[in-house]
Structure formats: structure tokens, C-alpha cells
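Novice: Quick one, fold the following:
(one chain, ligands or ions: 2)
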Amino acid sequence: MFDYIIVGAGFSGSVMAERIANELNKKVLIIEKRRHIAGNVYDRYDESGLLVHQYGPHIFHTRVKYVWDYLSQYTDWYLYHHHVLGSVDGNKAPIPFNLNTLYTLLPTHTAAKLEDKLLRAFGYNVKVPILKLRNTDDVDLKWLAEFVYEKVFLNYTTKQWGMRPEELDPLVTGRVPIYISRDDRYFQDAYQGMPQKGYTAMFERMLGHPNIKIMLNTDYREVIKADWERKAVTLFGVPFRGKVIFTGKIDELFDYEYGELPYRSLRFQFETLHQERFQNVGTVNYPNEYDFTRITEFKHLTGQQHGYTTIVKEYPQAYIKDVEGQNIPYYPIPRPENQERYEKYRDKAKEFDQFVLLGRLAEYKYYDMDACVARALRLFEEKVKGGTQE
Ligand code: FAD
Ligand code: UDP
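Specialist: Ligands and ions are numbered 1, 2, ... in the order given. Predicted coordinates:
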């Protein structure tokens, strides 16, 4: 009945399903354990009629034109550029830390001297990760690096991950580098925006092909059995010989044979306020105060006109797989020993090429949405359409 099975209806699984249905004209069954499509980018209208992101604020941005063009087949865009302020010493200053932040937080003569030094050491329009700036030899720049590290990164990271910045792969804090520029935007990618009618509506269009069937509210383990020794798969007890594209947790796929891969989870607290605006920008980060990391006001992101406004606070918490409320694996934790464990699972998965592993959970990678789309399009060409091995 089905040519392909896809586990997970998030970005990764849905792009793959769309490609298989439209380009190969084959039949796909998506199995999704939640009650809705779109994975962690699912959005919905709350009780007051405000569009909110159920699993935290998602802003689309990419440098890659073909990713933008691909999604543009399924949505129009609200052309939004994300701005973030950080609450530091009672001020609200632009994040990523840039030249405007320097002048907001420090006396003008100090800021001018540091600006001059930054420009001479690195140039204009250059991004410098905080852990790199901390290695500088210049005494003044070293002072600046420690200032930014202490005021912006240390406490935020400790809250978000339960670890100090240097205990994580540098790519984590490197996502928000010091930007030697006057550009206050959070991202500089050429293509930025929000799906005009929301992410869920975009997914409904992507998945609205007669070749795609979706089974919600179903853990794949209830309907698929995989025998890795015999290299055999059954679906509803019947042998299945097509490819299985898996976007769930790779350690779960192997019943935690090599141990659990750790994740960080979050608790979201939504509040609807009887006022038009709560804050001046989409997100305000609170590195040094409160138990939450940031507050996002959705109306900035969506452009929605409404008399009320809904905000969300993000409270980081441990991920515990069997504990209700703490069992959504939002972030893989990029550290060498976790990567090593992941690679054991990945190598085992390679032994059985009926399975294609894809996405933030199956590849245990801190992918943004655009990276999931690019990866799905590539694996579709290489492993599904072409059938070749990586
Ligand atoms: P997921 O969305 O996790 O999809 C996997 C799906 O598989 C889920 O629907 C899950 O329910 C299902 N599944 C898992 N196990 C099973 C099972 N046993 N049986 C059946 N189904 C199963 N990216 C950006 O580009 N910009 C942003 O602003 C941004 N903000 C973010 C904010 C937060 C708080 C978080 C956590 C992430 C953010 N991201 C952002 C990243 C973005 O969410 C991911 O890149 C993307 O959602 C990953 O898609 P995916 O399909 O790989 O994974
Ligand atoms: N970060 C920080 N302070 C900030 C913003 C970011 O320390 O004000 C660090 C923190 O470790 C965070 C990482 O940079 O987890 C990546 O930030 P990003 O905004 O990309 O996180 P995401 O949106 O993926 O949660």
C-alpha cells in the first residue's frame, strides 16, 4: 500500500514526504506521535485569537536561495527581521553584542576606544565568537571580552544548558557572535521572514497531496517492528520493503543500546495581556535575572493586529525521557562525549540501508529549520531518489 514510511511530521519528515509524493509520485505513510503535524514549529491560535508558537519562537532565516524558493511554493512571507535586546545592568541593549551595544552599556570615551581597537584588530562587518575574543592578547579587548562574557553569555548559558560556555562545543555560543557592526538585527541572512499564515498552514499545504497519509497520535513502535539482525521491517505485522525515513531520536531507535543521548528541555509559560504591546522588540533576553532565559512577544514576529498580546517565557529544564512535561527533547547537547555516543548509533544505522536518518533528533545536531530543509532535500536526492549511500 505504501512505498515509504516516514517517522515524524516535523520539518525534516514533511519536506521528505512532499518530495516523495510530488517528485516520485509514490505513496507515503507518516507516523507522528503528537496530535498535530509540524513538529516543534507547530503554531496555533490561542484562546484570544493570537497566533502563537506552541514549542517556542521560530524565526525563519537562511542564506540559501533554493531553500527559500522551495518553501515559497507553499507559503507567502511576512518579511520580518528579528531584533533582540538583552537586559544588562538595568539597560536594554542590542543582542548580538555589537557596536551599538558597546555605546549603550559603556561610557562614550571607553566605547570609542574599544570600537577603534576592535576595528583595527578585526575590521568592520566581522563576527567574532566570544570564546575567540577571550583569547585576544590586547589588554583592553581582553577586558571587553570578559565584560561581554560575564554580562551576556555566562549566566544565560548556565541557565539554558546547565553548563558554562566552555563546557559546550564553541559552535553553541558561536551562534550569537560579537558583531563588529551597527546592524542590530539578530540574523544577517539574505532571506528572512515568517510564513504569512503561520507554519502549520504552510505544512498543511506541503502535506496536502493525495499520496501522503498521516497517522497522528501514534508512536512508531506501536506499528513498525525492525529486526536489525535479519534486516527486516514489518508495518502492522506485514513485511515492509520500502525505505523508512526516521526523524525521531536515534537512541530510541536502538532501544538505548549504547546509553541515552542527553538533551535539554524547556517549559514554556504563555501569558495573554490585555494591552496592545508588551515590549519594543520580538525577544528580550534576560541573561542575569529570573529563571527564564527570554521573553518573546509573538505579534512582533507575526505582524498580527490585535487589541491583546501574548508573550512566552522560556524556562530551561532537564530532559527526562519518561517524565511527563520534561520529555520533549528540544536541544541535543553538543559535547564531544555525546558526539561519540551518537556516532556509535550512526554507524549501527549504516548497516541497514532501508533506514534513512534525518533531522535534529536522528542526526543529533543543533540544526536550524533551514538546515533541516537543505538536509532533507539533499538526502532525498542521494538516498531516496538516487538510492546511493553516503
Ligand atoms: P522535530 O520538529 O523535533 O520533528 C520530529 C518529529 O518526530 C516530532 O514531531 C516528534 O513528535 C516525532 N517523533 C519523535 N519520536 C517519535 C516516535 N517515537 N514516534 C512517532 N513520532 C515521533 N530554528 C530556526 O531556524 N529558527 C528559530 O528561530 C528556531 N527557534 C527554535 C526555538 C526553540 C525553542 C527550539 C527548541 C528550536 C528552534 N529552532 C529554530 C530549531 C527548529 O525547531 C528545528 O530545526 C526543527 O524544528 C527540527 O525539525 P525536525 O523535523 O528535525 O525535528
Ligand atoms: N547565548 C547567550 N546569551 C544570549 C544569547 C545567546 O549566552 O543573550 C548563548 C546561549 O548559550 C545560547 C546560545 O548562545 O544557548 C545560542 O543562542 P540562540 O539564540 O541561537 O539559541 P536558540 O534560539 O537556538 O535557543
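Novice: wait, what's in contact with Arg264?
Specialist: Arg264 sits next to 160-162, 316-319, 330-331, 333 when contact means Cβ atoms under 8 Å, 6 or more residues apart in numbering. To be clear about C-beta, it is placed using only N, CA and C from the backbone, and glycine gets the same treatment.
Novice: Sorry, wrong one. I was asking about Asn211.
Specialist: 20-21, 25-28.
Novice: Give the PyMOL command for selecting the buried subset of the contacts of Arg264.
Specialist: Command for PyMOL that selects the buried part of those, burial taken from 16 or more other Cβ atoms under 10 Å:
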select buried, resi 160+161+316+317+319+330+331+333
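Novice: can you tell me which of the contacts of Arg264 are up against ligand 1?
Specialist: Tyr330 (Cβ under 6 Å from any ligand atom).
Novice: In helices, which of the contacts of Arg264 appear?
Specialist: Secondary structure defined by DSSP state H assigns 160-161 of the contacts of Arg264 to helices.
Novice: which of the contacts of Arg264 lies closest to Glu252?
Specialist: Taking Cβ to Cβ as the measure, Glu252 lies nearest Tyr319 of those, at 12.5 Å.
Novice: didn't that closest one look like it was pressed against Tyr263?
Specialist: Yes: the pair Tyr319 / Tyr263 is scored as a contact, 4.0 Å apart, by Cβ atoms under 8 Å.
Novice: ok, now which ones touch the residue in the stretch 101-250 of the chain positioned nearest to ligand 1?
Specialist: Using Cβ to the nearest ligand atom, the single residue of the stretch 101-250 of the chain nearest to ligand 1 is Gly248, 3.2 Å away. Neighbouring residues of Gly248 by Cβ under 8 Å, 6+ apart: 7-8, 220, 361-362.
Novice: what about 10 Å?
Specialist: 7-8, 10, 13, 31-33, 219-221, 329, 357, 359, 361-362 (Cβ atoms under 10 Å, 6 or more residues apart in numbering).
Novice: how about stretch 178-190, does it reach ligand 1?
Specialist: No: Stretch 178-190 stays clear of ligand 1 (Cβ under 6 Å from any ligand atom), getting no nearer than 8.6 Å.
Novice: so, in contact with ligand 2 or not, that stretch?
Specialist: No: in terms of Cβ under 6 Å from any ligand atom, no part of stretch 178-190 sits within range of ligand 2; the closest distance is 7.5 Å.
Novice: Dump the C-alpha coordinates for that stretch into PDB.
Specialist: C-alpha atoms of stretch 178-190 as PDB (Å, rounded to 0.1, in the frame of the first residue of the first chain):
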ATOM      1  CA  ILE A 178      30.100  39.700  18.800                       C
ATOM      2  CA  TYR A 179      29.300  41.600  15.600                       C
ATOM      3  CA  ILE A 180      31.500  44.500  14.700                       C
ATOM      4  CA  SER A 181      28.800  46.500  13.000                       C
ATOM      5  CA  ARG A 182      25.900  48.900  13.600                       C
ATOM      6  CA  ASP A 183      23.400  46.300  12.300                       C
ATOM      7  CA  ASP A 184      21.100  45.500  15.200                       C
ATOM      8  CA  ARG A 185      19.400  42.500  13.600                       C
ATOM      9  CA  TYR A 186      19.700  39.100  15.200                       C
ATOM     10  CA  PHE A 187      20.400  37.400  11.800                       C
ATOM     11  CA  GLN A 188      22.100  38.800   8.600                       C
ATOM     12  CA  ASP A 189      20.900  36.100   6.200                       C
ATOM     13  CA  ALA A 190      19.700  37.300   2.800                       C
END
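Novice: buried residues in that stretch?
Specialist: Under the neighbour-count rule (16+ other Cβ under 10 Å), stretch 178-190 has 178-181, 183-187 buried.
Novice: TSV for these, including secondary structure?
Specialist: Formatted as TSV, the buried residues of stretch 178-190 follow (DSSP: H, G, I helix; E, B strand; the rest coil):
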residue	secondary structure
Ile178	strand
Tyr179	strand
Ile180	strand
Ser181	coil
Asp183	coil
Asp184	coil
Arg185	strand
Tyr186	coil
Phe187	coil
